[in-house]
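**Student:** Okay, sequence plus prediction incoming.
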Amino acid sequence: VIYQNERYDDWSSRLATIKKVLINYKEELLTYHKKKLPKNKADEFPRGFISGAADGNFLETLNLSSSVFERHFIDQPFDRLGQMSLVITPGTG
């Protein structure tokens, strides 16, 4: 999560941060355990890979992003929550 529950009139100063995170995302994700764990433990982890958006679960993504408001809108239609979720997916989405 780069920004959560934040509202800005001008996002241009934050776009550089978002771009940097997106550029470094793959390497940081795939090498996380090697950086954090001792070598013998890190080598036990299976090799990771980035899947396309078509392989992802979009409803779970919406569920995770709306869990911040989990008790406020029980049994409400999604289009009436008054909340917005911005989901950035890989090219196949």
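**Tutor:** Structure received. Because the structure is a prediction, the values reported are computed rather than measured. Numbers count the residues shown, from 1 in each chain.
**Student:** How many neighbouring residues does residue 62 have?
**Tutor:** 14 (other Cβ atoms under 10 Å). All C-beta spots, glycine's among them, are computed from the backbone N, C-alpha and C.
**Student:** give me the element it is part of.
**Tutor:** Assessed by DSSP states H and E, residue 62 sits inside helix 58-66.
**Student:** buried residues in that helix?
**Tutor:** Residues residue 65 are the ones in helix 58-66 that count as buried (16 or more other Cβ atoms under 10 Å).
**Student:** remind me which residues of the chain are low pLDDT?
**Tutor:** 53, 68-84, 89-93 (pLDDT under 70).
**Student:** Longest helix in it, by number of residues?
**Tutor:** Secondary structure of the chain per DSSP state H: the longest helix is helix 12-30.
**Student:** And for that one, what's in contact with it?
**Tutor:** For helix 12-30, the surrounding residues in contact (Cβ atoms under 8 Å, 6 or more residues apart in numbering) are 2, 3, 8, 47, 48, 49, 50, 88.
**Student:** Reformat the residues you listed as TSV; add distance to residue 58 and neighbour count.
**Tutor:** Formatted as TSV, these follow (distance: Cβ to Cβ, whole Å; neighbours: other Cβ atoms under 10 Å):
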residue	distance to residue 58	neighbour count
2	19	10
3	20	12
8	26	9
47	25	5
48	21	12
49	19	8
50	16	10
88	12	8
